[in-house]
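J.: return a 3D structure for these sequence lines:
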Amino acid sequence: MHDAIKLPPPELYKHVEEIAGAELVEALQIKNKIPRRKALSALEAKVLSKLTEDGFVSKDDATTIIETLPDLLEVEEEDEEVVVDGEVDEGDFHIKPVPKKPTPLFSEVDVKLVFKEVSSKFLRRRIVEGGKRSDGRTPEELRLINSRCGLLPRAHGSVLFTRGETQSLAVVTLGDKQMAQRIDNLVDEDEFKRFYLQYSFPPSCVGEVGRAGAPSRREIGHGMLAERALELILPSEDDFPYTIRVESTITESNGSSSMASVCGGCLALQDAGVPVKSSIAGIAMGMVLDTKEFGGDGAPLILSDITGSEDASGDMDFKVAGNDYGVTAFQMDIKVGGITIPVMQQALLQAREGRKHILVEMSKCFPPPSKKLSKYAPIIHVMKVKPDKINLIIGTGGKKVRSIIEESGVESIDTQDNGIVKITAKDLSSLEKSKAIISNLTMVPTIGDIFRNCEIKSVAPYGVFVEISPGREGLCHISELSASYLPKAEDAFKVGDRVDVKLIEINEKGQLRLSRRALLPDPSPEKSSTKQHSGSPIKESTDSRKASVKVKLQKASSGPKSDVEVDNAASTEDKSLDVKVTISSKYKPTEANTPAEDKFVKRLVSSEKDTLETEKSRPKKKRSKPVVNIPRNGESPVVNGEAKIG
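T.: Alright, predicted model coming up:
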């Protein structure tokens, strides 16, 4: 329905150029945005005044039209009625001519529309003919870039990124899974976003006053574009188990604020200590498609890092984000029917050169990103337990996990069905405390483990039950409580006592058997004695390497005493046998040296079993000829460990 479309009159373009042509060229050459916008606004008001309010008269000598309006007058008596000159008497009514303002030649809407089109035409002509843009840059030149990290010391990561008259304050906040963004969907499974970027464009950034409410469609779209650009450089959840939130607040805007959010968000991530894979930069590309109209060669002119006026007056807004090697996100807005592949190729190549320049300027950030976690950021520890032990951590209705959080002072404990446990804490002490509790709950004890300072939970006649970990008890039998004989366990131990135990057995039912005696020091060895025991020999240590035979002959109390001690030299070959023979003999000195009337022989030998094992392990050697030691006084000798008297 083209007939229904009301376009501005063609002659209006000529009138606007006649009124504001020279002044418009000067206004478009102002570099700064605010003064240039004020100059253009003043010039637009001038054009509106002349073409609407003042009734601009063209060269065709058009005249204005005067209309009359009826005026109702009060009825008076005929004899008192006076007709003023210039009025027309129409009976009881007097019609008075009322002059009216000149009728405007053009509507205000048409004038504003034409003024904008004429301004765009002058701007495009200046770029194509003069090779200079409004701020004096060449088509490939970028604006001045400045960035500063650590602007907000309390935030986990922050940066103020400035490119020309576009500025973004990016802040990064780290948290646990509870901070993840939850997404509503049509399926039963919950969907969470571990990383999300929120973009805010307050009216103050463009010098306006307005109410800040819910995010607009534009803000949501710009935030999604910057989020997609940065998402590919983030580490995996296994390497960095944090929820990452980036907030970009635009404090000044003249150009692509979404690409400024990409640059600022990347620096803020590095300042927060997020181990990103690489740096990402964003740039907005523009285009003047029909250059032949303004004296060019007809080839499209690609502009790098366009401003707001170039976006409004140009034919394309092509946002490209990435690094030296590739593109992570892009978005295009065009005002023409389409572009060709060569134009697209040229725009991408020129955008890559622009990104390289921006990345170099980002590396000059001062102060630079800290690249380490802030002391205000939470500490997250990831544990791996057996999946069947997760219920022990959660407890009935989450009662156990809540008690662990309350006892240790951590912020949260997140459990997964595959056995992953994430502990979030503000300080290291609370983290270690919760970690120890969870480790004790889910540990799998092995034989030989030693548990210190364990509490006795109950005492039974046959032993005590010791809690080696929260909720895990074992039996320490009465025979394993002490190194000495203990008749009753309650005589030495009571509920609440602390003991050190060692795990010595796990039966088929998974029950634990503990021992306290295994951790007690060994009793000191007692010296060998010659006490008399009826019926059974006394065992001595098999470590002795020398067999000795001691014979003590004691004469009768009336006669002189004589002690004879003989070492059997021949027994050095058989070191496994210790024999001690003591002969106490009372005899009367007779000529025939008769045997003693009272004779007692006591032998101390090692056990038969030890002797046999030692004999088998040692090769047999030919026994040498026994040596007999003759006493000095000529009394009874000892041969081969046996005393022969007489």
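
J.: residue 120 and residue 106, how far apart?
T.: 19 Å (C-beta to C-beta, to the nearest Å). For glycine as for every other residue, the C-beta is placed from the backbone atoms N, C-alpha and C.

J.: contact partners for the spatially most central residue of the chain?
T.: The centre of the chain sits closest to residue 242, judged by C-alpha atoms, centre = their mean, with a distance of 3.2 Å. Going by C-beta atoms under 8 Å, 6 or more residues apart in numbering, residue 242 touches 174-176, 274, 380.

J.: can you pull the pLDDT of it?
T.: Residue 242 is assigned 96 on the pLDDT scale.

J.: next: residue 642.
T.: We have a pLDDT of 42 for residue 642.

J.: make JSON lines out of the contacts of residue 242 and add pLDDT.
T.: As requested, these are exported to JSON lines (pLDDT from 0 to 100):
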{"residue": "174", "pLDDT": "97"}
{"residue": "175", "pLDDT": "94"}
{"residue": "176", "pLDDT": "91"}
{"residue": "274", "pLDDT": "97"}
{"residue": "380", "pLDDT": "94"}
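
J.: farthest pair in the residues you listed?
T.: 176 and 274 (14.9 Å; C-beta to C-beta).

J.: please say which of those two ends up with more neighbours.
T.: A direct count of neighbours by other C-beta atoms under 10 Å for residue 176 and residue 274 places residue 274 higher, at 25 against 20.

J.: give the contact list for that one.
T.: By C-beta under 8 Å, 6+ apart, the contact set of residue 274 is 157, 172, 174, 234-235, 240, 242, 244.

J.: before we move on, what about residue 339?
T.: 287, 289, 300, 316.

J.: go on, residue 145?
T.: 161-163, 358, 361-362.

J.: inside helices: which ones of those?
T.: Among the contacts of residue 145, the members found in helices (DSSP state H) are 358, 361-362.

J.: give me the buried positions along stretch 25-36.
T.: 27-30, 33, 36 (16 or more other C-beta atoms under 10 Å).

J.: of the residues you listed, which belong to strands?
T.: Taking DSSP state E, every one of those sits outside strands.

J.: for these, which one is nearest residue 326?
T.: residue 33 (32.6 Å).

J.: list the contacts for the closest one?
T.: Contacts of residue 33 (C-beta under 8 Å, 6+ apart): 165, 254, 307-308.

J.: may I ask which of the ones in helices among the contacts of residue 145 has the most neighbours?
T.: Most surrounded of the ones in helices among the contacts of residue 145: other C-beta under 10 Å gives residue 358, at 24 neighbours.

J.: now, of the contacts of residue 274, which are buried?
T.: Looks like the contacts of residue 274 have 157, 172, 174, 234, 240, 242, 244 buried, using 16+ other C-beta under 10 Å.

J.: in space, what's closest to residue 454 - neighbours in sequence excluded?
T.: Spatial nearest neighbour of residue 454, excluding adjacent residues (C-beta to C-beta, 6 or more residues apart in numbering): residue 466 at 4.8 Å.

J.: what about the helix or strand in which that neighbour is found, average pLDDT?
T.: Taking DSSP states H and E as the definition, residue 466 sits inside strand 463-469. Here strand 463-469 scores 90 as its mean pLDDT.

J.: show me what that strand is packed against.
T.: strand 450-460, strand 472-477, strand 498-506, strand 512-515 (3 or more C-beta pairs under 8 Å, 6 or more residues apart in numbering; DSSP states H and E).

J.: the last one pairs with which strands?
T.: It stands for strand 512-515. strand 472-477 (parallel), strand 498-506 (antiparallel) (DSSP bridges).

J.: now the phi/psi pair for the nearest residue to residue 162 once chain neighbours are set aside, please.
T.: Leaving out its chain neighbours, the residue that sits closest to residue 162 by C-beta to C-beta, 6+ apart is residue 146, at 4.6 Å. Main-chain torsions, residue 146, degrees, to the nearest 10: phi -140, psi 140.

J.: likewise for residue 416?
T.: phi -120, psi 160.

J.: shift numbering so it begins at 92
T.: OK, 92 is where the count begins now, so the last one is residue 507.

J.: show me where the stretch 92-241 of the chain has strands.
T.: With DSSP state E, counting those that start in this stretch, the ranges of strands along the stretch 92-241 of the chain come out as 179-181, 184-186, 236-240.

J.: can I see the domain layout of this structure?
T.: Domain assignment for the chain by the TED database gives 101-149+194-221, 236-455, 470-533, 540-610.

J.: so what's the gap between the first one and the chain middle?
T.: Going back to what we said before, that points to domain 101-149+194-221. Domain 101-149+194-221 sits 55 Å away from the centroid of its parent chain (C-alpha atoms, centre = their mean, to the nearest Å).

J.: so how far does that domain reach from one end to the other?
T.: Using C-alpha to C-alpha, to the nearest Å, one end of domain 101-149+194-221 lies 28 Å from the other.

J.: pLDDT of it, averaged?
T.: On average, domain 101-149+194-221 scores 87.

J.: list the buried residues for stretch 511-521?
T.: 511-516, 521.
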